[in-house]
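Engineer: below are the sequence and a predicted model for it; my questions follow.
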Amino acid sequence: MHTKAMTFSRHILEEAKVQQDMTAELSSLLMQMGYVGKILSREIARAPLKGRLGLVGETNPTGDAQKKLDVYTNDIMVEAFSETGPVAGLVSEELEELKILSLGREAKYILCTDPLDGSSNTDINAPIGTIFGIYRCSGNNHRELEQNLLNERMKQIAAGYVLYGASTMLVYTCGHGVYGFTLDCDLGEFLLVHENISCPARGHYCSANLGRYHEWSSDIQNFIAHLTVHDPSTRRPYSLRYTGALVADFHRSLLEGGVYFYPPDADHKNGKLRFLYECAPLAFVVEQAGGCASTGTQRLLDLKVELLHQRAPFVIGSTEEVALYEKFLTGGT
Ligand code: AHM
Ligand code: MG
């Protein structure tokens, strides 16, 4: 079975033969991301044995209490991409500023990442993830790179995530479909399991932190009321699934259909999730799979951002549910 299987690296090389966008530099960046996924998978699995659970006692740039694993995984990411040439700058949930990694000729990309998504799950052995979005870049210095990234003169050309669950999976797109690979730990290879992923147009799962229900607008409360009506002819009520890790909850919607949303609440006036390294990469993935991502009032990827750590209201998943959410929000129902 394994001799026939398509490894992540071979998949990238095959894509490079037919896709112009897949430059040698992008191929090498993505392969390095695969390598980082393997290292993080190993380190996350043995974190409890190495004393790497619990809090650091500091906060990250958006005010979240940092876990030891947040810092450790971020350090691994920085180190892994500092050693290779294609990444000019790195934007991370755990770093205040854009970090310049290389200004050499090969440095054609900016990597935006949440090295450890779902931090509240680290200490209870629940799923967590890594999110990445890759932007083509131009700029000779820190200021130019950041300005171009925020002015959207740079295009997101690849994105994906690694999900550390019952097994470790890597899902990616470079703008020509979405592919999912499972890590075979014995071989040390990500092997293709999900070819050309298609997000069902409709599902029957919803994922959101309903503990915030009373802080949400009446439009969103009405949306919940709609989803929870008992009407088997329209496959309602929806079932609630919420792990507290965006990657895991989104992955369910991507494969099985449904909707994830994180709207504004009392503590997060503009939503909790951050555009560049949480929302935008998953939005790129879902659109490539035929699904949708929105702020509730506009396509997520059309949002103009001014800050590296800017947050956005976020809804993502099947086209029908995202459209319905927007309809409730814009007074259409
Ligand atoms: P994190 O990157 O610090 O883990 O924050 C993002 C996480 C998402 O993974 C998850 O969907 C959400 O925040 C959970 O927030 P809450 O605990 O408010 O439901
Ligand atoms: Mg996160």
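Structural biologist: On my side now, so go ahead. Ligands and ions are numbered 1, 2, ... in the order given.
Engineer: end to end, how far does stretch 207-226 reach?
Structural biologist: Stretch 207-226 has its terminal residues 15 Å apart, counting by CA to CA, to the nearest Å.
Engineer: buried residues in it, which are they?
Structural biologist: Residues of stretch 207-226 classed as buried by neighbour count (16 or more other CB atoms under 10 Å): Ser207, Ala208, Arg212, Trp216, Asp219, Ile220, Phe223, Ile224, His226. Yep, even glycine has a C-beta here, placed from its N, CA and C like the rest.
Engineer: list the contacts of the last one.
Structural biologist: With contact taken as CB atoms under 8 Å, 6 or more residues apart in numbering, His226 is in contact with Arg236, Leu324, Phe328, Thr333.
Engineer: and it, what pLDDT?
Structural biologist: In this model, His226 is scored at 97, pLDDT.
Engineer: ok, the fourth one next?
Structural biologist: According to the predicted model, the pLDDT of Trp216 comes to 97.
Engineer: right, and it touches Pro263 too?
Structural biologist: Yes: Trp216 is in contact with Pro263 according to CB atoms under 8 Å; the separation is 5.5 Å.
Engineer: still on that earlier bit, closest to ligand 2 among the buried residues of stretch 207-226?
Structural biologist: Ser207 (14.3 Å; CB to the ion).
Engineer: is that closest one in a bridge, and if so with what?
Structural biologist: Tyr260 (DSSP bridges).
Engineer: for the residue of the stretch 51-200 of the chain found nearest ligand 1, what are its contacts?
Structural biologist: When scored by CB to the nearest ligand atom, the stretch 51-200 of the chain has Ser119 as its residue closest to ligand 1, at 3.9 Å. Residues counted as contacts of Ser119 (CB under 8 Å, 6+ apart) are Asp64, Gln66, Lys67, Leu69, Asp70, Ile128.
Engineer: which of the buried residues of stretch 207-226 fall within strands?
Structural biologist: Ser207 (DSSP state E).
Engineer: which among the buried residues of stretch 207-226 are in contact with ligand 1?
Structural biologist: Checked against ligand 1 using CB under 6 Å from any ligand atom, those give no members in range.
Engineer: turn the buried residues of stretch 207-226 into a markdown table, columns for distance to Ser294.
Structural biologist: Compiled in a markdown table, the buried residues of stretch 207-226 are given as follows (distance: CB to CB, whole Å):
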| residue | distance to Ser294 |
| --- | --- |
| Ser207 | 15 |
| Ala208 | 14 |
| Arg212 | 19 |
| Trp216 | 16 |
| Asp219 | 14 |
| Ile220 | 13 |
| Phe223 | 13 |
| Ile224 | 17 |
| His226 | 17 |
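Engineer: so which of the buried residues of stretch 207-226 is the closest to Gly34?
Structural biologist: Ser207 (26.9 Å; CB to CB).
Engineer: who are the contact partners of that closest one?
Structural biologist: Ser207 neighbours (CB under 8 Å, 6+ apart): Leu240, Arg241, Tyr242, Thr243, Asp249, Phe250, Arg252, Ser253, Gly258, Val259, Tyr260, Phe261.
Engineer: and the strands in the stretch 51-200 of the chain, which stretches?
Structural biologist: 55-59, 65-67, 87-92, 99-100, 109-117, 128-136, 156-164, 168-173, 178-184, 189-194 (DSSP state E, counting those that start in this stretch).
Engineer: run through who's touching the last one.
Structural biologist: Spelled out, it's strand 189-194. 2, 5-9, 11, 34, 37-38, 169-171, 178-184, 255.
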